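*Asks:* Below are the sequence and a predicted model for it; my questions follow.
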2 protein chains.
Amino acid sequence: MNSQLSPRSSGLLTDLYELTMAAGYFQSGFDAKATFELFVRELPRERNYLVAAGLEQALQFLETVRFSAENIDYLRSQPIFKHVDRNFFEYLSQFRFGGEVWAAPEGALVFAQEPILRVTAPIIEAQLVETSLLSTINFQTMVASRAARLIMAAAGKPVVEFGARRAHGPEAGIFAARAAWIAGCAGTSNVMAANIFQIPAYGTQAHSWIMAHGDETQAFASFLNVFPEQATLLLDTYNVKAALQKIIASKRKPAGVRLDSGDLAAQSCWVRRQLDRAGWKDVQIFVSGDLDENKIADLLRRGDRIDAFGVGSALVAPTDARNLSMIYKLVEVEQGGRTREAIKLSESKSTFPGKKQVFRSSDKRGKWTKDLIGLQSEDSKGAEPLLAPVMRDGKRLSSAEPLNTARRRCSESLKCLPMRLLANTSARPYPVQHSRALEKLLRQARERVHRKM
Amino acid sequence: MNSQLSPRSSGLLTDLYELTMAAGYFQSGFDAKATFELFVRELPRERNYLVAAGLEQALQFLETVRFSAENIDYLRSQPIFKHVDRNFFEYLSQFRFGGEVWAAPEGALVFAQEPILRVTAPIIEAQLVETSLLSTINFQTMVASRAARLIMAAAGKPVVEFGARRAHGPEAGIFAARAAWIAGCAGTSNVMAANIFQIPAYGTQAHSWIMAHGDETQAFASFLNVFPEQATLLLDTYNVKAALQKIIASKRKPAGVRLDSGDLAAQSCWVRRQLDRAGWKDVQIFVSGDLDENKIADLLRRGDRIDAFGVGSALVAPTDARNLSMIYKLVEVEQGGRTREAIKLSESKSTFPGKKQVFRSSDKRGKWTKDLIGLQSEDSKGAEPLLAPVMRDGKRLSSAEPLNTARRRCSESLKCLPMRLLANTSARPYPVQHSRALEKLLRQARERVHRKM
């Protein structure tokens, strides 16, 4: 139960209704091919863009998802599957995802309503993977999007991801570090993530190091003995000023000092003056302590002398914005040689039908001017398509992209975004329109639905 | 990289500074035994109690945490470990957690400042496990505590955990389902969690089922063919009233219907009337759609006819309260036969020293009257101690507790809580005091620290 707890490729990593619908499609002989699109209905308040992340883990899941014999035994034991044909379980034992996937690459910027991922596959396959695709991409996109804001607030000063202990379990911590790196964080405190993804690992020392030694001078000296070149010493266990004076009096220069509580702007200025007076101009001042983009911006406004920020909760467990409410919606069904666009009409939650593409236009200087959400089949008229094919017949079209490519894409993309959208407050939204062909398709689909009602 | 991505027992599941401090303690020969306590500094706003959860996974980690040869190679390759003695890496290759753990059992209610877990071990062992203990217990405790509020709001109607797609990745979804079950949710949509933890699995059907069929009548009939006794049909894909009329006209009674958007209270009343008129008094009305405790309470106030609630985001990715800010603090150090209490004094963040216990008093009817945080060594004077020993010499003192025991403990505990604290708004806090012995120890430790400054 322990190490096998979360087999990342199990078909049971899904909501029950995906499996009951699968049984329903199977048993009723509904053998359509379906297209689903994954997107965010609207941006959270004060967010002007999203940074796409998590595609790599989504593709890994699609390539490897299987039902083990134990998985199938479990399903058969559930009362709800009592009347389901045994051929369905035989089908599950052979289950593979064999569909086609188009996606926005990781690090790309996306806006509300724009498909981030599009899946076309036999309907059972396309449906079963919904829950895992959503949880994987929703989470990393949320973290990467938040990280971009924090980095923007820090205005060039490094932001390090410090969230492992605040993440929703160890796995979430690892992928949060990955997403934060894509968006431009300077590194992570998470050693496992640093190892797996080759992200720079950062660390200082904890209050417990000082508390355990009792004597602060001795605690600092002892750490410097082991890390003569890289020690960052923590100042605020008892009293910041006294701690710094002890360090300076010891005449042993650390690589940096860290502040974790109190008035960080004022403290950083005082600490900088003392360090400079000691001739230690290259000693870095690192701060942490429940920081977010507003607190960072405030510190900068107040003329701090901080060199780098460590951010935990705000990155990995953001509470400032509702969940992204990413959704995965059926947009097209092909059955018996006929194609039918699918829409949902419930009051506040309508969706556009059809296989879509996003066409992004730029001006001569490369700044983006607008996005047009159109049909995949439309002419791009020179605009840049956002979605590219990444998987066909269940096989990836290329090997995993180096994480630094996604990271570079994100930083390059942010330069193309109209300036006003880089603000951490609500700006006039980036223009995203729907094409005429798409509007027409929506009208037709609506009329068809209304005729049937 | 894929299936081995998150080995749940790797020593690298930690922050870098835990490992640099470990190297520091090792190399400087600081061989103290340390006691750390894990607790929440203050309750989030409008929270009157917390439901402890995640201990089982924390103990599994402590029992199995190891450094593989690859883990150690990675660490040795990092520049920061350049000056670290090779004996340290030899030590890591043999690393085991061999300490003692006391804990509040899962499902117990805890308050601010009360230790949920206490670890006593050689300082390197006690320190290294901090990050994993925090991320495991912080997350499940947060979800269980939120679930208790949702269940309270639902006033006896079942609440089902629907959050898999909103969770911070698949693993977080699984443990969220577990924590929600401890707190009293009726089940989960998460099939993997249902399988692993033997929690009832719930599911209905998605809008895509209706959309794929195009014809709603046929979509409902087809689902009923496969699930004649357990089908819950989704009403709001196009138009709730039209959908229900089609179902009633078909004369095939479903087990239930689901509403996912719009005015759920008004709709549920209308749906109930139609169902009753059709003689279908036992057809259940299930609702979902971004629900939280306030929306649920509002539905009940408005006289809904809802039978059960499905809740996702609010449970697994709560944005209503800051992270719990659970911490793991050094409280005592034993070295060379001497015991020293450890405290932190930084402005807003002081902590109490010493190995603590929580003594909970009740009145004659079994209602709790107050908690006293005292020293482990104090006489309980008839009050109930919250913490019990669960691990000694790195070995569990008993096998894993059945999840239903934790679930029962939670529901029994909620009955013992003074009524006012069950409200989902801020109530006069539950009385938690510190014992005189503890206050005295704090004074002494403060004086000692001040003398040294």
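*Replies:* Okay, I see it.
*Asks:* so where's the stretch 101-250 of chain A shaky on pLDDT?
*Replies:* Per-residue confidence for the stretch 101-250 of chain A (pLDDT under 70) gives no ranges below the cut-off.
*Asks:* can you pull out the helices in it?
*Replies:* Secondary structure of the stretch 101-250 of chain A (DSSP state H, counting those that start in this stretch): helices located at A:123-128, A:130-154, A:170-182, A:191-197, A:207-213, A:216-226, A:240-250.
*Asks:* can you list those helices in CSV and add distance to chain B?
*Replies:* Any C-beta I mention is one placed from the backbone N, CA and C, and that applies to glycine too. Formatted as CSV, those follow (distance: least, Cβ to the nearest Cβ, whole Å):
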stretch, distance to chain B
helix A:123-128, 6
helix A:130-154, 4
helix A:170-182, 4
helix A:191-197, 4
helix A:207-213, 4
helix A:216-226, 5
helix A:240-250, 5
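*Asks:* Most tightly packed of those helices?
*Replies:* Burial of the helices of the stretch 101-250 of chain A is given as mean neighbour count (mean count of other Cβ atoms under 10 Å in any protein chain shown); helix A:170-182 ranks first at a mean of 30.
*Asks:* can you give me the angle that helix makes with helix A:130-154?
*Replies:* Using axes from the mean of the first three to the mean of the last three Cα atoms, to 10 degrees, the inter-axis angle of helix A:170-182 relative to helix A:130-154 is 50 degrees.
*Asks:* quick one, what contacts whatever residue of the stretch 151-300 of chain A ends up closest to chain B?
*Replies:* Nearest residue of the stretch 151-300 of chain A to chain B: A:Gly203, at 3.0 Å (Cβ to the nearest Cβ). Taking Cβ atoms under 8 Å, 6 or more residues apart in numbering or on different chains as the contact definition, A:Gly203 lies against A:Ser189, A:Thr232, B:Asp15, B:Leu16, B:Tyr17, B:Glu18, B:Leu19, B:Thr20, B:Ile80.
*Asks:* Which of those residues fall within strands?
*Replies:* A:Thr232 (DSSP state E).
*Asks:* can you give me the helices for the stretch 301-450 of chain A?
*Replies:* Here the stretch 301-450 of chain A has its helices, by DSSP H, counting those that start in this stretch, at A:313-316, A:403-416, A:436-452.
*Asks:* mind putting those in JSON lines, distance to B:Leu397 included?
*Replies:* Converted to JSON lines, these look like this (distance: least, Cβ to Cβ, whole Å):
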{"stretch": "helix A:313-316", "distance to B:Leu397": "33"}
{"stretch": "helix A:403-416", "distance to B:Leu397": "43"}
{"stretch": "helix A:436-452", "distance to B:Leu397": "62"}
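*Asks:* among those helices, which is nearest chain B?
*Replies:* Here helix A:313-316 is closest among the helices of the stretch 301-450 of chain A (Cβ to the nearest Cβ), at 4.5 Å.
*Asks:* is chain B contacted by the closest one?
*Replies:* Yes. Helix A:313-316 lies within reach of chain B by Cβ under 8 Å from any Cβ of the partner chain, at A:Ser313, A:Val316.
*Asks:* Find the residue closest to the residue most central in space within chain A in space, skipping its chain neighbours.
*Replies:* With distances taken as Cα atoms, centre = their mean, A:Gln140 lies nearest the centre of chain A, 1.8 Å away. Nearest residue to A:Gln140, sequence neighbours excluded (Cβ to Cβ, 6 or more residues apart in numbering or on different chains): A:Gly54, at 3.3 Å.
*Asks:* what about that neighbour, how many neighbours?
*Replies:* Applying other Cβ atoms under 10 Å in any protein chain shown, we find 27 residues neighbouring A:Gly54.
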